[in-house]
Structures are given as C-alpha cells and as structure tokens.
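Enquirer: just a sequence and a predicted model for now, questions to come.
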Amino acid sequence: MRIKKAKFRVKLGICCVIALVCAGGVLYSGYKIITWLIDSMNTKVVAQEATEAANVTEVEDDENTEVIESDDAPESPYWKFLNMSLLDVDLNELRKTNPDVVGWIKVGGTNINYPFMQTSDNEYYLTHSLDKSYNSAGWVFADYRLRLDNTDRNTIIYAHGRYDGTMFGTLRTAETNGWLNNSDNYIVRTVTDKQTSMWQVFSTYHLPTTSDYIRTSFANDTDFQNFVNMLKARSSHDFQTTVSSSDHILTLSTCYSDTERMVLHAKLIKRAPRY
C-alpha cells in the first residue's frame, strides 16, 4: 500500500509540474501576442504621423532631371515609367523627431511608404521605431556602409517583414501574380538629401538566408556585372529589363521566414538633384 501511495504522489507531482509548465507556456505566449499587437499599433501610429509630417508630394520633371539611358526593348515598361513623377518629402521636418532620418522610400503596389534611417550599425533599427522607442517591429533603415551621396552602386535598405503588412511586410507580394500582372507596380521611388530617384524592378525572389546579395563594393565593372547577372538569374519572374555595369541598383531585403529572405532589386532610371 505504501508503495502504491508513493507512486501516486510521484504521478501527482509530475502532473502538477506539467500543468505549471503548460500554464507558463500559455502565459508567455499570451504576453508575446499582446506585445506584438501593441508594437503593431504603435508602428501604425508613428507611420501615419510621419506621413503627415513629411508632406509627400509628386514633382514634375524639369531641366535638371536626368534620365538614365537603357537598352530595354520598345515594349518594356521602362519607357512608360519615364513619364511618371518623382517624389519629394520634407526630410528636415522628420528630423525633428529623429536626426537619423536620411530618406524616404515608396514601392509600387505595396504598403511600403516610409522614411528610412541610417546609423552606425545594422542592428539598432531592428528593435527601435522612428521615434527611437523600443519596438520589436523596428523600422526601415539603410545599410550603415552606404554613403548616400549618389555614388553607391548598390543601395541596400532593410526592414522586418511584418505579418500585419507594416514595414516590409508587403514586399512578399512582389512574387504574386496579382502584383506581377500590373507593370505599374515595378517602380520604387526614393528621396534623400542629395536627390529624388526612380528605380525599375528587375528581380524579385526569396531564398535561404545569405549575405551574398548585400555587397556594397566591387573590384571593377566586370565584378559588378557578374553580381547583377547573379541577381537577375535568381528572379522568380523575368522582368525583361537590362542592367549594365554602368547602372546603379537598389536592393530591398526582409525576412520571408525564420530561415529565408525576401529580396527585390531595381535599377536607377531617373533622378533629379535636391538642393
């Protein structure tokens, strides 16, 4: 009888431990969900305030607008894009909130329409918002290695791929038929202190996490052309867009899953100086 009672107590103890572990897991999961929702709401509020402060407007071409020549075929949307307007925003107004603001980015057919930051590393804005408050949603930011003075051959911008569609959460739509079937979506527009620019998408894909597409320096034109050819070969869609060794490109990178990255590349086709 004593042995049976002892066995019963052991079983009861094990059950209690399992129950406590399960309860702890539920509480922790609930905490994580609530934190995620709060961060999501705060991100949307900050983004809306930034849009209002930035006074985003479209600007027409003038004598200072530079068109980057391309060998794209006559049926390429490149020629249509040249008639589209560039953007302008009030970056100085945004810097009243955070001096790390260095530009603005808007991607066709997505929710991506944000100021982007730059600091001394590629870590800080993974966990901080535009107002520098801690936030797991992070913010959009440029690679710390960039000069952003019109000379970068590969301008790289990062953000989290949030499931609520904020930050780069809608970048993954660039692989869907709905996005691909409308060539008007193949445009990214950016604004920095130096210039306002238009970029034409030439590659979109997701792949296991790697860093080979986030290079910022190249030995020579041949090295750069080989790099571009690699990016084009990876694309899940043939955009029929030529990219030469003299081009400047834009790379947008985000998470696709815990082990994969979603990437979009575009080439510079038009720009105008900002004073």
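Expert: On my side now, so go ahead.
Enquirer: going by C-alpha atoms from here, please, whenever you check contacts or count neighbours.
Expert: OK.
Enquirer: list the contacts for the residue lying closest to residue 98 once chain neighbours are set aside?
Expert: Excluding the flanking residues, the one nearest residue 98 by Cα to Cα, 6 or more residues apart in numbering is residue 131, at 6.1 Å. Residues near residue 131 by Cα atoms under 8 Å, 6 or more residues apart in numbering: 46, 97-98.
Enquirer: please report how far residue 131 lies from residue 174.
Expert: According to Cα to Cα, to the nearest Å, residue 131 stands 29 Å off from residue 174.
Enquirer: next one: residue 49
Expert: Noted for residue 49: a distance of 26 Å to residue 174, by Cα to Cα.
Enquirer: neighbour count winner among those two?
Expert: It is residue 174, of residue 49 and residue 174, that has more neighbours when counted by other Cα atoms under 10 Å, with 25 against 12.
Enquirer: is the more buried one in contact with residue 202, as I believe?
Expert: No. Counting by Cα atoms under 8 Å, residue 174 stays clear of residue 202, with 11.2 Å between them.
Enquirer: what is in contact with those two at once?
Expert: residue 264.
Enquirer: output the below-cut-off pLDDT ranges for the chain.
Expert: 1-32 (pLDDT under 70).
Enquirer: can you show me the strands along it?
Expert: Per DSSP state E, the chain carries strands over the ranges 57-59, 66-67, 86-88, 101-107, 113-117, 141-142, 154-158, 187-192, 195-208, 249-255, 260-273.
Enquirer: so which of these is the most packed in?
Expert: strand 141-142 (a mean of 27; mean count of other Cα atoms under 10 Å).
Enquirer: touching that one from outside, list them.
Expert: Strand 141-142 is contacted from outside by 116-118, 122, 125, 155-159, using Cα under 8 Å, 6+ apart.
Enquirer: can you tell me which of those is nearest residue 75?
Expert: Set against residue 75, the nearest of those by Cα to Cα is residue 155 (27.4 Å).
Enquirer: residues contacting that closest one?
Expert: By Cα under 8 Å, 6+ apart, the residues touching residue 155 are 142-143, 146, 148, 216, 248-251.
Enquirer: and residue 106, bridged to which residues?
Expert: Taking DSSP bridges as the rule, residue 106 bridges to residue 113, residue 189.
Enquirer: from memory it sits against residue 113, does it?
Expert: Yes. Counting by Cα under 8 Å, residue 106 does reach residue 113; the two are 4.3 Å apart.
Enquirer: from residue 144, how far out is residue 99?
Expert: In terms of Cα to Cα, residue 99 sits 15 Å off from residue 144.
Enquirer: also residue 159?
Expert: Noted for residue 159: a distance of 13 Å to residue 144, by Cα to Cα.
Enquirer: between the two ends of stretch 86-101, how far is it?
Expert: End-to-end distance (Cα to Cα), stretch 86-101: 19 Å.
Enquirer: stretch 156-165 too?
Expert: Stretch 156-165 has an end-to-end distance of 20 Å (Cα to Cα).
Enquirer: in that stretch, what's buried?
Expert: 156-162, 165 (16 or more other Cα atoms under 10 Å).
Enquirer: ok, stretch 138-152 next?
Expert: Buried, per 16+ other Cα under 10 Å, within stretch 138-152: 138-146, 148, 152.
Enquirer: could you export that stretch as CSV, CA atoms only?
Expert: Provided in CSV are the C-alpha atoms of stretch 138-152 (Å, rounded to 0.1, in the frame of the first residue of the first chain):
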residue,chain,number,x,y,z
GLY,A,138,11.8,48.0,-35.8
TRP,A,139,11.9,50.5,-38.7
VAL,A,140,13.2,50.8,-42.2
PHE,A,141,16.9,51.5,-42.4
ALA,A,142,19.7,51.9,-44.9
ASP,A,143,22.9,49.8,-44.7
TYR,A,144,25.4,51.6,-42.5
ARG,A,145,28.1,51.2,-45.1
LEU,A,146,26.3,53.4,-47.7
ARG,A,147,27.4,57.0,-48.4
LEU,A,148,24.1,58.0,-49.9
ASP,A,149,25.9,60.6,-52.0
ASN,A,150,24.8,59.3,-55.4
THR,A,151,27.9,57.1,-55.8
ASP,A,152,26.7,53.9,-54.2
